[in-house]
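# Okay, predicted coordinates and the sequence, questions at the end:
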Amino acid sequence: MLIAAPKVPRPPASAIDRAKLALEQRVGASRVITDPNGCATYGEDESEVAAVTPDMVVLAESADHVAATLAVAAEHRIPVTPRAGGTGRTGGAVPVAGGIVLATASLARVKEVNRDDMLVVVEPGVVTGELHALVEREGLFYPPDPNSLEHCMIGGNVAENAGGPRALKYGVTREYVLGLEVALMGGTRLRTGRRTVKGVTGYDMTALFVGSEGTLGVFTEITLRLVSKPAEIATVLALFSDARAAGQAVTDVLRAGLVPRCLELMDARTLGAVRAQGVAIDERAGALLLAEVDGDSALVEAQVARLGETLSGAKGLVALQAAQDAAQRGRLWATRRALSPATKRMAKHKLSEDVVVPRSRIPELLERVDAISAATGVRALTYGHAGDGNLHVNFLWDDDAERPAVDDALHRLMKDTVAVGGTLTGEHGIGVTKAAYLPLEQSSELIAVQQGLKRTFDPHELLNPGKIFPVR
Ligand SMILES: Cc1cc2nc3c(=O)[nH]c(=O)nc-3n(C[C@H](O)[C@H](O)[C@H](O)COP(=O)(O)OP(=O)(O)OC[C@H]3O[C@@H](n4cnc5c(N)ncnc54)[C@H](O)[C@@H]3O)c2cc1C
């Protein structure tokens with residue numbers, strides 16, 4: 001059984017028919033899909049949220065198409081769900097109220113790569129991994145690297161404020177968004193932000209749109225800051241007897257003043273899944289840390305030496321290995337890359353949470369996850385970006401009968417995360433799957449202020465309804 005979409009009323013058929021005619025006139029009939037089979041393809045994402053077939057899909061190819069769609073939708077009171085790569089983990093792109101899916105994948109032009117000002121101007125449908133390759137050919141670097149980078153798109157990354165393994169040193173998407181062009185419900189177009197390094201004119205509207213999960217406006221152009229491509233990268237792998245020891249080693253590394261670009265952790269169950277994929281890992285290991293540093297060659301060498309010293313003295317260390325060349329680096333990362341397929345094979349359903357706790361509380365969170373698994377009987381495995389306290393706790397289940405226990409486990413995880421000073425989501429957003437838990441972290445006053453903001457942009461609550469805020 002999947003997670004039920006919230007019950008948000010669908011628009012009446014008569015309004016859909018009128019909107020369809022208007023859209024065909026304004027964006028062209030070939031860009032409007034109404035056939036149910038064609039629409040069904042746009043009804044789900046990579047979360048466990050049950051699919052909902054929209055009434056129509058608009059395949060936008062320009063900012064004008066986006067603005068026209070939002071104008072027609074506002075006029076006929078039709079809900080609109082923006083969509084980019086469809087890799088979201090919380091149901092953000094699932095059109096829970098039907099209506100229109102506004103697909104932005106074909107808005108995929110790179111408008112400018114500026115080496116002097118170190119920025120790039122793109123449309124939202126540019127695939128993240130393709131942007132990496134493009135700017136790296138120019139000696140530049142766009143650090144945010146969600147593990148879905150071969151399929152996710154910059155528009156979705158900005159809407160979710162996506163992160164990735166490199167966030168520890170470089171930060172998340174928010175740190176790179178300088179400016180946006182946004183179309184609002186009703187069709188008004190805004191330009192926010194700047195192209196300059198500094199700039200504090202007015203409210204920081206760009207920051208408000210970043211992470212707004214498609215609920216405030218639809219991005220049609222994104223200006224991103226770039227940095228210089230690091231000259232060298234080195235990877236170190238450390239195996240530990242257990243996850244608590246690996247969690248403590250994370251604190252040791254950061255206390256030593258090191259800032260690796262990645263510091264990834266895997267617990268014993270995750271290692272078991274990876275071993276089952278045929279990746280050889282020392283049988284004594286009950287946890288793994290993968291650290292990566294970058295910079296010029298002298299800096300990289302010094303950081304690897306310091307990492308070696310710090311980790312050698314860590315409690316519970318089983319083995320330590322540094323990659324000598326790119327091929328060895330590739331082999332060390334094979335374990336991390338095998339994770340998604342490995343864990344997917346373990347059960348019919350996987351709920352991948354992305355809680356964040358203060359780094360010093362990682363060992364405690366890992367213990368609490370074990371306790372949750374024992375109390376509810378739900379299989380759990382944990383891995384993730386331990387360097388910034390962001391852990392993916394995955395709950396696995398096969399049978400519909402297990403769903404109440406999974407819900408219980410999820411509720412306990414959210415409560416425990418908040419109890420240790422953490423936050424519900426570090427990269428996937430709240431979407432549908434975590435909306436019910438928002439009041440665990442935020443006061444009713446804070447939620448009300450955000451809902452007021454939402455109504456300023458979207459008075460009839462038509463843009464991506466049913467997301468972020470609990471549905472009454
Ligand atoms: C295997 C796998 C690994 C992943 N690893 C990571 C990871 O390491 N880090 C991470 O952060 N996430 C990760 N994710 C989650 C997901 O890839 C990210 O949330 C990503 O940012 C979603 O991008 P997308 O293009 O697929 O967006 P979609 O899923 O299409 O949409 C996501 C949200 O953005 C909104 N949206 C889309 N386009 C626009 C637009 N033009 N304007 C306004 N709103 C818009 C949608 O309405 C929706 O709310 C992973 C997912 C998978 C399946």
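Yep, that arrived. The model shown is predicted, which means the values in this text are computed figures rather than measured ones. Numbering: from 1, shown residues only.

# Without its sequence neighbours, what residue ends up closest to the one residue in the chain that gets nearest to the ligand?
Across the chain, no residue is closer to the ligand than residue 156, which sits at 2.1 Å (C-beta to the nearest ligand atom). From N, CA and C alone the C-beta is placed, and that goes for glycine too. Counting by C-beta to C-beta, 6 or more residues apart in numbering, residue 156 lies nearest to residue 84, which is 3.5 Å off, once chain neighbours are set aside.

# you'd agree the one you found is up against residue 126?
No. Judged on C-beta atoms under 8 Å, residue 84 makes no contact with residue 126 at a distance of 9.4 Å.

# between those two, who's got more neighbours?
residue 84 (31 against 24; other C-beta atoms under 10 Å).

# and the more buried one, how far is that from residue 215?
Counting by C-beta to C-beta, to the nearest Å, the separation of residue 84 from residue 215 is 14 Å.

# what does residue 379 give?
33 Å.

# Of those two, give the one with the bigger neighbour count.
The neighbour count for residue 379 versus residue 215, taken as other C-beta under 10 Å, is higher for residue 215 (25 against 18).

# Surely the more buried one forms part of a strand?
No. Looking at residue 215 with DSSP: H, G, I helix; E, B strand; the rest coil, it is coil, so not inside a strand.

# any low-confidence regions in the protein?
Filtered on pLDDT under 70, the chain yields the residue ranges 1.

# Around the ligand, which positions in it sit nearby?
Residues of the chain lying close to the ligand (C-beta under 6 Å from any ligand atom) are 45-46, 81-89, 92-93, 104, 124, 146-148, 152-153, 155-157, 159-160, 162-164, 213-214, 218-219, 340, 427-428, 464.

# Put the buried members of these into a PyMOL selection.
Filtering the residues of the chain next to the ligand down to the buried ones (16 or more other C-beta atoms under 10 Å) takes a single PyMOL command:
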select buried, resi 45+46+81+82+83+84+85+86+87+88+89+92+93+104+124+146+147+148+152+153+155+156+157+159+160+162+163+164+213+214+218+219+427+428+464
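
# just to revisit the earlier point, show me the contacts for the residue nearest to residue 156.
Taking C-beta atoms under 8 Å, 6 or more residues apart in numbering, we find residue 84 in contact with 93, 104-105, 124-125, 152-156, 159.

# Is it possible to get JSON lines of those that adds distance to residue 283?
Output for the contacts of residue 84, formatted as JSON lines (distance: C-beta to C-beta, whole Å):
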{"residue": "93", "distance to residue 283": "41"}
{"residue": "104", "distance to residue 283": "47"}
{"residue": "105", "distance to residue 283": "45"}
{"residue": "124", "distance to residue 283": "46"}
{"residue": "125", "distance to residue 283": "46"}
{"residue": "152", "distance to residue 283": "35"}
{"residue": "153", "distance to residue 283": "41"}
{"residue": "154", "distance to residue 283": "42"}
{"residue": "155", "distance to residue 283": "44"}
{"residue": "156", "distance to residue 283": "40"}
{"residue": "159", "distance to residue 283": "43"}
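
# Let's see which of those end up in strands.
When those are checked against strands (DSSP state E), there are no matches.

# For those, work out which two are farthest apart.
Among these, the pair separated by the greatest distance (C-beta to C-beta) is 93 and 154, at 14.6 Å.

# can you pull out the helices in the stretch 301-450 of the chain?
All helices of the stretch 301-450 of the chain, identified by DSSP state H, counting those that start in this stretch, fall at 326-337, 339-344, 362-376, 403-419, 438-441, 444-457.

# Can you name the residues that contact residue 360?
Counting by C-beta under 8 Å, 6+ apart, residue 360 makes contact with residue 251.

# From residue 192, how far out is the closest residue to residue 329 other than its chain neighbours?
The shortest distance from residue 329 to any non-neighbouring residue, by C-beta to C-beta, 6+ apart, is to residue 323 (4.1 Å). According to C-beta to C-beta, residue 323 stands 42 Å off from residue 192.

# So which of these two has more stuff around it?
Shown here are residue 323 and residue 192; by other C-beta under 10 Å, residue 192 has more neighbours (22 against 19).

# List the buried residues for the one helix or strand the more buried one maps to?
Applying DSSP states H and E as the criterion places residue 192 in strand 189-193. Using 16+ other C-beta under 10 Å as the test for burial, strand 189-193 gives 189, 192-193.
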